[in-house]
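Undergrad: Predicted model follows, preceded by the sequence.
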Amino acid sequence: MKKRILTGLDRIREGEWKRLKGYRLGLLANQASLDGKLNTAGEVIDRFLPGQLKALFGPQHGYGGEDQDNMVETAHSHDNSLNIPVLSLYSDTREPLPDMFEKIDMLIIDLQDVGTRVYTFASTMLNCLKAAAEQGKKVLVLDRPNPLGGEVVEGNLLRPEFYSFVGPYSLPMRHGLTMGEMALIFNNVFGLDCDLEIVPMEGWRREMLWHETGLRWTMPSPNMPFPETAFVYPGQVVWEGTNLSEGRGTCRPFEIFGAPFLDTKAVKQALEPEFIGGCYLQEYLFRPTFHKWENRLCRGFMIHVLDPHVYRPYFTSIALLSAVMDIHRDDFEWKQPPYEYEYKKKPIDMIMGDPSLRHDLKAGASLSLIKEKWLADLESFVSWRRPSLIY
């Protein structure tokens, strides 16, 4: 019988809550912050520590995960069941202001990451660590699995001049870290000296992909409906920096992508088989109900992951991007700023983290050569991250 995995929140429920007695607590969480019995983090904490929860905090998309897309801000609100404020960290500010922490001694962070550098929950956590360190507050991170596992890393490292809300540090696109491990790294590399503790999972191993955890998937954001979405996201997010639809406005965002002008047969024919290993590209028609190409018929693909151990999402999407750029030189365009509150840099450079990648693609550089450029950095990263690994 498979051993049951306990998340950090499960361990709080199973007895670790006792360490929280006497603290005035804040909770950064959202609709995916559930224990194994589908109780919310707020319910679990309030059940064992009644009256100690003083404020809730929500990341991008809101505490309830209700808001779509980038730069769609969430207002502050009130939780009627707990009778405490819900403070948005994706509003006119993306970092906690001093008055937000006045009523708490400890901030509990329980967010489900998706294993990709550009997912903004890591940046929200970093902003909270900085604020907590400045104000002398304790932070407790309740750890959760990286749905892509913790062994495989992929992509170029983010260049420091491109640090942003979609890239808080020089991580590869697929970083292979849990939220708890990222918190340890951030506390160290930024010299925060935050009073930080992690509640690790029980039973999770680095080689585990989401389907091997036995945990139920709850959408951590509106356009992350399935674990399959998370598998393709490290590559498919690049379409956000282009005029191709990344599938927002469909039921399978990021798995579905395309544009009205796309010649799917030509794109597919241009791809070398080794560049799309472990997946199948199904030619697909779709009509987005909102966002890019709203109500327009788009030609594109639905990407099916056949073997997640072979499939490399970032490289596969880079190969697709190269083919689209070559075949559709007159129709293809880079998306212009703003993007996640950056008003000058190109969104694609912020997403990929290094403008030389865009220049190489424009120049028609060999994909194998492009990939080779980031391998040495990846090897160094794997060695460098080792002291921060919990599992």
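TA: Now that the structure is in, tell me what you want to look at.
Undergrad: Quick check: which ranges of the stretch 1-150 of the chain have low pLDDT?
TA: Of all residues in the stretch 1-150 of the chain, those with pLDDT under 70 make up the ranges 1-3.
Undergrad: let's go with 90 and repeat that
TA: In the prediction, the stretch 1-150 of the chain carries residues with pLDDT under 90 at positions 1-4, 69-71.
Undergrad: All the helices of the stretch 251-391 of the chain, in order from the start?
TA: Secondary structure of the stretch 251-391 of the chain (DSSP state H, counting those that start in this stretch): helices located at 264-270, 313-327, 347-352, 355-362, 367-385.
Undergrad: Against which helices or strands is the first one packed?
TA: Identification of packing neighbours for helix 264-270 by 3 or more CB pairs under 8 Å, 6 or more residues apart in numbering; DSSP states H and E yields strand 279-286, strand 298-305, helix 313-327. All C-beta atoms are positioned from the backbone trio N, CA, C, and that covers glycine.
Undergrad: For it, which outside residues touch it?
TA: Taking CB atoms under 8 Å, 6 or more residues apart in numbering as the criterion, the residues outside helix 264-270 that touch it are 258, 281, 283-284, 299-301, 320, 323-324, 326-327.
Undergrad: which parts of that helix are buried?
TA: Of the residues in helix 264-270, those buried by neighbour count under the rule 16 or more other CB atoms under 10 Å are 264, 267, 270.
Undergrad: What of the second one?
TA: For helix 313-327, a neighbour-count test (16+ other CB under 10 Å) marks 313-325, 327 as buried.
Undergrad: helices or strands next to that helix in the packing?
TA: Using 3+ CB pairs under 8 Å, 6+ apart as the contact criterion, the secondary-structure elements in contact with helix 313-327 are strand 154-157, strand 172-174, helix 227-236, helix 264-270, helix 355-362, helix 367-385.
Undergrad: Residue 120 is nearest to which of these?
TA: Of all those, it is helix 227-236 that lies closest to residue 120, at 12.6 Å by CB to CB.
Undergrad: list the contacts for residue 103?
TA: Contact analysis of residue 103 by CB under 8 Å, 6+ apart lists 24, 26, 54-55.
Undergrad: how close does it sit to residue 79?
TA: If you measure residue 103 against residue 79 using CB to CB, to the nearest Å, the figure is 14 Å.
Undergrad: next one: residue 391
TA: In this structure, residue 391 lies at 33 Å from residue 79, with CB to CB as the measure.
Undergrad: Nearest residue to the middle of this protein?
TA: Among the residues of the chain, residue 119 comes closest to the average C-alpha position under CA atoms, centre = their mean, at 2.6 Å.
Undergrad: ok, and the closest non-adjacent residue to that residue?
TA: With CB to CB, 6 or more residues apart in numbering as the criterion, residue 119 has its nearest non-adjacent residue at 6.1 Å, and that residue is residue 113.
Undergrad: so which helix or strand takes in the one you found?
TA: Following DSSP states H and E, one finds residue 113 outside all helices and strands.
Undergrad: Can you give me the neighbour number for it?
TA: Counted with other CB atoms under 10 Å, the burial measure for residue 113 works out to 25 neighbours.
Undergrad: Going forward, count from 54.
TA: Sure, I'll start numbering at 54, so the last one becomes residue 166.
Undergrad: Isn't it up against residue 232?
TA: Yes - with contact defined as CB atoms under 8 Å, residue 166 and residue 232 form a contacting pair (5.0 Å).
Undergrad: that older thread, Serialize the helices and strands packed on helix 317-323 to TSV and add fields for distance to residue 150 and mean pLDDT.
TA: Compiled in TSV, those are given as follows (distance: least, CB to CB, whole Å; pLDDT from 0 to 100):
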stretch	distance to residue 150	mean pLDDT
strand 332-339	41	98
strand 351-358	41	98
helix 366-380	36	98
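Undergrad: so which of the ones you listed gets nearest residue 396?
TA: With CB to CB, the closest approach to residue 396 among those belongs to helix 366-380: 23.8 Å.
Undergrad: how many degrees apart are that closest one and helix 280-289 in direction?
TA: Relative orientation of helix 366-380 versus helix 280-289 (axes from the mean of the first three to the mean of the last three CA atoms, to 10 degrees): 50 degrees.
Undergrad: I would like the residues contacting helix 366-380, please.
TA: Residues outside helix 366-380 that contact it (CB under 8 Å, 6+ apart) are 207-208, 226-227, 284-289, 291-292, 295, 297, 315-316, 319-320, 323-325, 328-330, 332, 356, 385, 410, 414-415, 417, 420, 423-424.
Undergrad: ok, now with 6 Å
TA: With CB atoms under 6 Å, 6 or more residues apart in numbering as the test, helix 366-380 has contacts from 207-208, 226, 285, 287-289, 291, 316, 319-320, 323-324, 328-329, 385, 414, 420, 424.
Undergrad: Report the buried residues of stretch 270-288.
TA: If you call a residue buried by 16+ other CB under 10 Å, then stretch 270-288 has these buried ones: 270, 272-288.
Undergrad: ok, now stretch 118-130?
TA: The neighbour-count criterion (16+ other CB under 10 Å) identifies 118, 120, 127 as the buried residues of stretch 118-130.
Undergrad: just to revisit the earlier point, can you put the helices of the stretch 304-444 of the chain in a markdown table and add distance to residue 346?
TA: Rendered in a markdown table, the data for the helices of the stretch 304-444 of the chain read as follows (distance: least, CB to CB, whole Å):
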| stretch | distance to residue 346 |
| --- | --- |
| helix 317-323 | 15 |
| helix 366-380 | 14 |
| helix 400-405 | 17 |
| helix 408-415 | 22 |
| helix 420-438 | 27 |
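Undergrad: right, so of those, which gets closest to residue 195?
TA: Go through those one by one with CB to CB and the one that ends up closest to residue 195 is helix 420-438, at 20.7 Å.
Undergrad: Not including adjacent chain positions, what is the nearest residue to residue 352?
TA: residue 315 (4.5 Å).
Undergrad: For the one you found, give its distance to residue 346.
TA: Spatial separation of residue 315 from residue 346 under the definition CB to CB is 10 Å.
Undergrad: and what of residue 186?
TA: Here the criterion is CB to CB. By it, residue 186 lies 44 Å from residue 346.
Undergrad: Who has more neighbours out of these two?
TA: Here residue 186 and residue 346 are set side by side on neighbour count (other CB under 10 Å), and the busier one is residue 346, at 21 against 18.
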